[in-house]
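Novice: This is a predicted model, with the sequence first.
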Amino acid sequence: MKKQLQLPQPLALPSTSSASNNAEIDTQGSMKIKTKKTILLLRMFHSFDENGDGKISPEELYKCVQNVDRKELHMSMEEAKAIVEMLDSNGDGLLDLNDFVRLMECECKEEECKILRDAFQVYEMEGQGCITPKSLSSALARLGQRRSVDECAAMIRHFDLNGDGVISFDEFRIMMH
């Protein structure tokens, strides 16, 4: 039987009790961002956790990173083991959700966010606020790397954490880190 996964406090979903409704009204924008980020991180965690045991092994981490079509992100099995060993908070040799969040959570510094936004805008569909297969294909063609819209759709599926067929800035930021 699967264990219930616990989110770290900063990413906890907002409660629907009446006591929290005032907080939700006061910080509505912030709550939406936390909820969206939580959903993205949970989906990413579950995509890495191939066997569904609620933990990510070095082998699962290695396999998922190898599926990313970016040479600079590839890692050796030894590197995957080292990452798991470094972040494993309970010494079981696996990453639980909290460990994974620490790995993936990247709060941008102002300068870093500007660089990521500029990079995102190279690939996004003008005015849409997302990267579509068509906009990715066009951007890659401008960079001298021709890819069909279907190939770009396949690339996007790797990082499309909410399944909407496009890459949002949050998904792009996670992908880049």
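Specialist: Ah, there it is.
Novice: how much space between Tyr62 and Arg142?
Specialist: Distance, Tyr62 to Arg142, by Cβ to Cβ, to the nearest Å: 33 Å. No exception for glycine: its C-beta is placed from N, CA and C like everyone else's.
Novice: Comparing those two, which shows the higher neighbour count?
Specialist: Ranked by neighbour count (other Cβ atoms under 10 Å), Tyr62 and Arg142 place Tyr62 first, with 20 against 10.
Novice: residues touching that one, list them.
Specialist: Neighbouring residues of Tyr62 by Cβ atoms under 8 Å, 6 or more residues apart in numbering: Met75, Ser76, Met77, Ala80.
Novice: Low-confidence stretches in the chain?
Specialist: Along the chain, segments meeting pLDDT under 70 span 1-34, 68-74, 105-112, 177.
Novice: Domain map for this structure?
Specialist: 9-104, 110-176 (automatic domain parsing).
Novice: If we go by neighbour counts, what in whichever strand or helix holds Ala153 is buried?
Specialist: When elements are assigned from DSSP states H and E, Ala153 belongs to helix 149-159. Neighbour-count burial for helix 149-159 flags Cys152, Ala153, Met155, Ile156, Phe159 (criterion: 16 or more other Cβ atoms under 10 Å).
Novice: Find the nearest non-adjacent residue to the second one, please.
Specialist: So that's Ala153. Pro133 (4.0 Å; Cβ to Cβ, 6 or more residues apart in numbering).
Novice: how close does the one you found get to Arg157?
Specialist: Distance of Pro133 to Arg157, computed by Cβ to Cβ: 9 Å.
Novice: just how off-centre is the helix or strand hosting Arg117 within its chain?
Specialist: Under the criterion of DSSP H and E, Arg117 resides in helix 110-123. With Cα atoms, centre = their mean, to the nearest Å as the basis, helix 110-123 stands 16 Å off its chain's centre.
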